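**Q** following is a predicted model, sequence given first.
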Amino acid sequence: MITICIHNPESHLISQKDYDNIIATINPKDMPCTCGQTGCLIRHGSYMRTMKSPEGEFRLRICRMKCTACGHTHALLLSSIIPYSQIPLADTLSIIANYEDSSGHAQILSSSLSIDENNICAVILRYRRYWRKCIHLHQMLRYSVSRLIEQCFSTFGKQFMQIKNTANIAMFFPHNITGA
């Protein structure tokens with residue numbers, strides 16, 4: 001997969017229009033594949049993904065790319081989306097902050113139509129099993145969200161809270177990409 005690092009990963013909700021606008025600004029010829037080749041990715045369909053937000057569940061059509069050199073396909077995710085999770089990054093960080101502060105999750109539960117106690121327990125379990133044990137993570141949680149993402153890719157080779165070891169490349173752009 002390829003993670004597109006956006007200017008505002010703290011955003012709780014991204015619409016299909018925002019996602020499509022961001023993806024449209026990217027030239028596939030500028031994107032590398034996990035095989036190391038650049039300039040060989042072509043659009044290769046899409047799939048639907050369910051996301052949970054404070055406003056409720058919604059579906060997002062995720063673009064897929066295929067490498068003409070090695071044949072692998074890659075999903076294009078935004079940095080506000082955690083691979084293999086329906087909970088956006090901003091809500092995941094709120095859950096972790098409440099867990100670390102022992103402040104409970106009443107605020108998250110009361111402000112979200114779709115995130116329930118099972119989702120919160122799953123986030124905390126994933127955090128405790130892997131991410132909390134990482135040496136520098138406690139310091140990294142104090143970073144800005146953009147810096148946290150950058151550090152996780154440089155240190156672990158994957159997005160914060162990504163649990164599977166699927167190859168994931170971060171695309172950092174010199175300009176701000178926003179859905180606004």
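**A** Everything's here; your move.

**Q** so what's the residue count around Arg59?
**A** Neighbour count of Arg59, defined by other C-beta atoms under 10 Å: 10. All C-beta spots, glycine's among them, are computed from the backbone N, C-alpha and C.

**Q** that one in helix, strand or coil?
**A** Following DSSP: H, G, I helix; E, B strand; the rest coil, Arg59 is assigned to strand.

**Q** tell me what the closest residue to it other than its chain neighbours is bridged to.
**A** Computed as C-beta to C-beta, 6 or more residues apart in numbering, the closest residue to Arg59 that is not its neighbour in sequence is Met48, at 5.1 Å. Residues in a beta bridge with Met48, per DSSP bridges, are Arg61.

**Q** need the pLDDT of Met48.
**A** Met48 is assigned a predicted lDDT (pLDDT) of 96.

**Q** who's His74 bridged to?
**A** Met65.

**Q** need the contact list for the residue located most distally from the centre of the chain.
**A** Using C-alpha atoms, centre = their mean, the residue of the chain lying farthest from its centre is Ala69. It sits 26.0 Å away. By C-beta atoms under 8 Å, 6 or more residues apart in numbering, the residues touching Ala69 are Cys33, Cys35, Gln37, Cys40.

**Q** I'd guessed the third one sits against Lys66; true?
**A** No - contact criterion C-beta atoms under 8 Å: Gln37 and Lys66 do not qualify, at 12.0 Å.

**Q** so those two - more neighbours on which side?
**A** Shown here are Gln37 and Lys66; by other C-beta under 10 Å, Lys66 has more neighbours (18 against 13).

**Q** now do the contacts for the more buried one.
**A** For Lys66, the contact set (C-beta under 8 Å, 6+ apart) comprises Leu41, Ile42, Arg43, His44, His72, Thr73, His74.

**Q** go again using 7 Å as the cut-off
**A** By C-beta atoms under 7 Å, 6 or more residues apart in numbering, Lys66 lies in contact with Leu41, Ile42, His44, Thr73.

**Q** tell me the most packed of these, by neighbour count.
**A** Leu41 (26 neighbours).

**Q** now Gln162: which helix or strand?
**A** In this assignment (DSSP states H and E), Gln162 forms part of neither any helix nor any strand.

**Q** can you show me the strands along this protein?
**A** Per DSSP state E, the chain carries strands over the ranges 2-5, 41-53, 56-67, 73-78, 169-172.
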